[in-house]
Every structure is written in C-alpha cells, then in structure tokens.
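# this one's structure only:
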C-alpha cells in the first residue's frame, strides 16, 4: 500500500441506488485515490421492495465511482413493523456471515459504519474489524433503543433493555464513536460501561450532497414556479416520525384563508395514508409529488419560497438533526421548522427561518403566514444566512478531511499496538 492510500471498508445497510449521504462519502474517498469497499444489502429503501432495476441487472450495481460493492441478501422492508424488524435482523446476520466470508482475504485500514437505523448494522463491522485488526468507526446517526421507543416500533421494556445491551456491546467495542449531533453525547455515554476517552467520542455532523451547492434554475419539470402563491416544500422520508398529520392540519387550517400551497416530495411508510387524507379532506392546496432522485431536488427547492422540516415531540428527536436540515441550509432558502431541540437551535442561531414546537399545527400555520407576509428581500437574506451558516459548520470538504485524519490516527494507534 502506498503511503497516502487508505483501504476503507464501509458497512451500511443502505447504499446506492438508494439516496443516502453515505454515497457521497464513498464517492469522494474513492475519487481521492483511496481503495473503498462497501458491504451492503439489496436496495429496497424507502419503498419496501427490492428495486426493479437491481433485480433486472444486479451486475450493474457492483461498483460506484471506482468503489467495489459487496452485497448480501436481506428481507425487504415491506410496510409492516414485523417485516421491518426482519429487514434489520436479516442484514446484520447476512453481513456478519456471508459478508465476512466474501471479505475473508481482504485487508483494511479502517472499517466505517453508516449507523442510521438499525444499529445492528454495526455488529458485522465490529466482527470484521476484529478479524482484520482494523479500527472501527461508528457514525451514530440514530439513538437506539430510544428511537425504537419514540416511533412506537418497540414498547416492551424487556425487549428495549435487550436492544440496549446490544448497543452497549457495540459502543464498547468500537474504536471511535462519531456523533451527528452534539446532543447525542450524554445518551451515547450511558451505554458505555467504562469511561470513554474524549478522542474516541467525536462530533461529526452531516453535510449536504453536492447537488445543493450550485445555483439551480428556478424551474422544474416536476413543479411549476407560481409567484401568485406562497410555496412550502417538504422533502424526504414520509414516516411516522415526521408528524405528517400535524402538517396536514396546518395546511387544512390555511386552505381558505391564505394563498399557500404545500408540496410534499418523497415516499415512505405514511405515503398511502397521506394520499388518502389529502383526498378525503379536499386539500387542493397540498401537492404530492412522490419519490424522485436526488438530482431533481435542487430545482424543486428553487421553486419554493420556504422549506419545511418537522419531527414529532420526543426527547430523542430533540437531540437529532435531520439530514435534510443541511440540504435546506445549503439551498439558500428560508426554513420553517415544526421541531424542537438541536435542529430548532440551528435554525434560530443561523437566522434562516422561523420555528414552532413539535406537533404544534397551529404554530406551523402561524409561522407559515408570518413567512408568507415577510418581505421577499428579508426572505432572501434569511436564505443567504442559512447558506453562510452551512459553509461555516457543515462543509463536506472540511468534514471529510477530518474523517480522513481520524482514519490515519486510528491506523497509527493500531500500528503502535
């Protein structure tokens, strides 16, 4: 191996052609000359069924910008909680057995885990890391088991305690724990049975994908710009955590009193419910665009007057910063947040928009009217303030440079041992 090149294994249940931020990281490290291998599953997020293009041509999904992709079978997510749990369990089992076998002759300098739900995806990384004597870096993007309880997937105290034991096992065996939010620190520490040294617990936030760094045209084949109405765009996963009932309540309260249209872009477990509610409530001011590739998002955002982020009321969600916040900031658009905690703090500190408490539909209607009646020059100033805050706090170039330095530090520690 040359002095500068690193051999990196990325373990992630979700990867291209699924739209995930980990795609960005893999592409950039590969473009920078590092040897990257991705251990992942069959693409099926968020629809719940394995992508048809993958089933038709699996050979076409074995590499990504020079990175090699090793895929293992899993149970697709489906639309029910039991199917989702089987999806989680099947990936960690397949990756720990089939994946480890496929990689048995490989050597790595770092094993990096994209630890969105489920945290069990870190188990094969820990196993492989020990086999390869490579340091393991877990990017903690969700708090388990707290998130399971918060979204109602798991409520039984005994089962939650069992998941907590798994989390503790992972955290105590990882070499570095990278935290997407500063609010994660206390929650993560409680699962570490021994005191964790400061250099092993690293604040490492998300960034926006490159698509949001340019200046897109204010036109889209999916959404027509309409200067006669105030357009609010929500983009991303349509799940229980996003509190879409409260969003629709806000839209319904304004449908006769203000010229506001709500554009919802994405797919997920609440998609069917959302379509039924829009129709039954007669919400002609709500447009459902469905799921579209990441490349289409900048033009859709450019047609918006404000971008919406929402999460349910919960102490766990208060510590979380949804990844869309960084994309919104980078898009130079004002932000409306029906959200508490860290994400609300970022919106307020940056001066990029208005917030109301999670679950407060009337509060959302109020701040939407406030934004709609704010002078367009002031709204533009808000958008630019958000973009400036993004470059100061969430620049991808800076963050990935920090991560590479961590990889090299871990390699040095391993060699000293």
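Nice, I can see it. This structure is a prediction, so every number in the text was calculated from the model and none was measured.

# Ignoring the adjacent residues along the chain, who's closest to residue 410?
residue 135 (3.5 Å; C-beta to C-beta, 6 or more residues apart in numbering). C-betas here are computed from N, CA, C, even on glycine.

# likewise residue 270?
Closest to residue 270 by C-beta to C-beta, 6+ apart is residue 238, at 4.6 Å.

# Tell me if the one you found really is in a helix.
No: according to DSSP: H, G, I helix; E, B strand; the rest coil, residue 238 belongs to no helix; its state is coil.

# pretty sure it contacts residue 265?
No: at 9.2 Å, residue 238 and residue 265 do not qualify as touching, with contact defined as C-beta atoms under 8 Å.

# Looking at these two, which is more packed in?
In this view residue 238 and residue 265 are compared by other C-beta atoms under 10 Å, and residue 238 has more residues nearby, 25 against 21.

# What score does that one have for pLDDT?
The model reports residue 238 with a pLDDT of 92.

# got a list of what it touches?
Listed by C-beta atoms under 8 Å, 6 or more residues apart in numbering, the contact set of residue 238 reads 46, 244, 264, 266, 267, 268, 269, 270, 271, 274.

# Give me the below-cutoff pLDDT ranges for this structure.
The chain contains residues with pLDDT under 70 at 1-3, 152-153, 215-219, 412-417.

# Scan it for its longest helix.
Counting by DSSP state H, the longest helix found in the chain is helix 396-416.

# packing partners for that helix?
Helices and strands touching helix 396-416, as assessed by 3 or more C-beta pairs under 8 Å, 6 or more residues apart in numbering; DSSP states H and E, comprise helix 21-31, strand 110-115, strand 136-140, strand 176-179.

# Would you mind listing the buried residues in that helix?
Using 16 or more other C-beta atoms under 10 Å as the test for burial, helix 396-416 gives 396, 399, 400, 403, 404, 406, 407, 410, 411.

# residue contacts, the residue most central in space within the chain?
Geometric centre of the chain, nearest residue: residue 323, 4.5 Å, by C-alpha atoms, centre = their mean. Residue 323 sits next to 21, 141, 206, 236 when contact means C-beta under 8 Å, 6+ apart.

# same thing but 7 Å
Contacts for residue 323 (C-beta atoms under 7 Å, 6 or more residues apart in numbering) come out as 21, 206.

# got it, and residue 379?
Neighbour list for residue 379: 305, 334, 371 [criterion: C-beta under 7 Å, 6+ apart].

# Top of these by number of neighbours, please.
Ranked by neighbour count (other C-beta under 10 Å), the contacts of residue 379 have residue 334 at the top, with 27 neighbours.

# pretty sure that one is touching residue 383, no?
Yes: between residue 334 and residue 383 a contact is recorded at 5.4 Å, counting by C-beta atoms under 7 Å.

# Common neighbours of these two, please.
Contacts common to residue 334 and residue 383, judged by C-beta under 7 Å, 6+ apart, are residue 352.

# can you list the domains in the chain?
7-207+395-416, 210-391 (automatic domain parsing).

# pretty sure residue 328 contacts residue 335?
Yes: the criterion here is C-beta under 7 Å, and residue 328 meets it with residue 335 at 5.1 Å.

# Now do the shared contacts for the two.
The contact sets of residue 328 and residue 335 overlap at 307, 309 (C-beta under 7 Å, 6+ apart).

# neighbour count winner among those two?
For residue 328 versus residue 335, the count of surrounding residues by other C-beta under 10 Å is larger for residue 328: 33 against 26.

# Not including adjacent chain positions, what is the nearest residue to the more buried one?
Residue 328 sits nearest to residue 307 (C-beta to C-beta, 6+ apart), 4.4 Å away.

# Before I go, just wanted to say thanks for your time.
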